[in-house]
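> Let me see the structure of the following:
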Amino acid sequence: AYHAWCTKNTFTSMLPKDVKDRKNAAAIANAEQGSLDNHLREIKSTERVLPYSDKLFREAAIEWLASTNQPIQAVEHPELQENG
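Numbering: from 1, shown residues only. Sure, this is the predicted structure:
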């Protein structure tokens with residue numbers, strides 16, 4: 001009858017056996033190793049910028065010249081040599 005009354009009135013039973021059972025259930029739940037699955041998230045990759053070098057600049061310039069139908073000799077232009 002007491003358990004039915006507790007359920008009906010949303011009351012937590014304070015009988016010693018019920019208290020002990022709740023403590024044991026809590027101890028078992030706390031003893032289980034948790035999971036990180038809910039805390040992990042995917043990190044979006046960012047653009048990687050290569051450090052400047054004359055060699056990479058020259059390769060990029062030649063690639064740009066070829067794709068825009070410029071003469072390759074433009075890489076040898078004195079002003080490009082000064083700025084590059």
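> quick one: the helices in the chain?
2-8, 16-31, 54-67, 78-83 (DSSP state H).
> which stretch in those has the least confidence?
Among the helices of the chain, helix 78-83 carries the lowest mean pLDDT, a mean of 71.
> quick one on the thing from earlier: save the helices of the chain as a markdown table, and put in mean neighbour count and distance to Ile43 too.
Placement of C-beta: from N, CA and C, glycine included. Listed next are the helices of the chain as a markdown table, based on neighbours: other CB atoms under 10 Å; distance: least, CB to CB, whole Å:
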| stretch | mean neighbour count | distance to Ile43 |
| --- | --- | --- |
| helix 2-8 | 10 | 48 |
| helix 16-31 | 10 | 31 |
| helix 54-67 | 12 | 27 |
| helix 78-83 | 8 | 37 |
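> how about JSON lines for these, with distance to Glu47 added?
Listed next are the helices of the chain as JSON lines, based on distance: least, CB to CB, whole Å:
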{"stretch": "helix 2-8", "distance to Glu47": "60"}
{"stretch": "helix 16-31", "distance to Glu47": "44"}
{"stretch": "helix 54-67", "distance to Glu47": "15"}
{"stretch": "helix 78-83", "distance to Glu47": "24"}
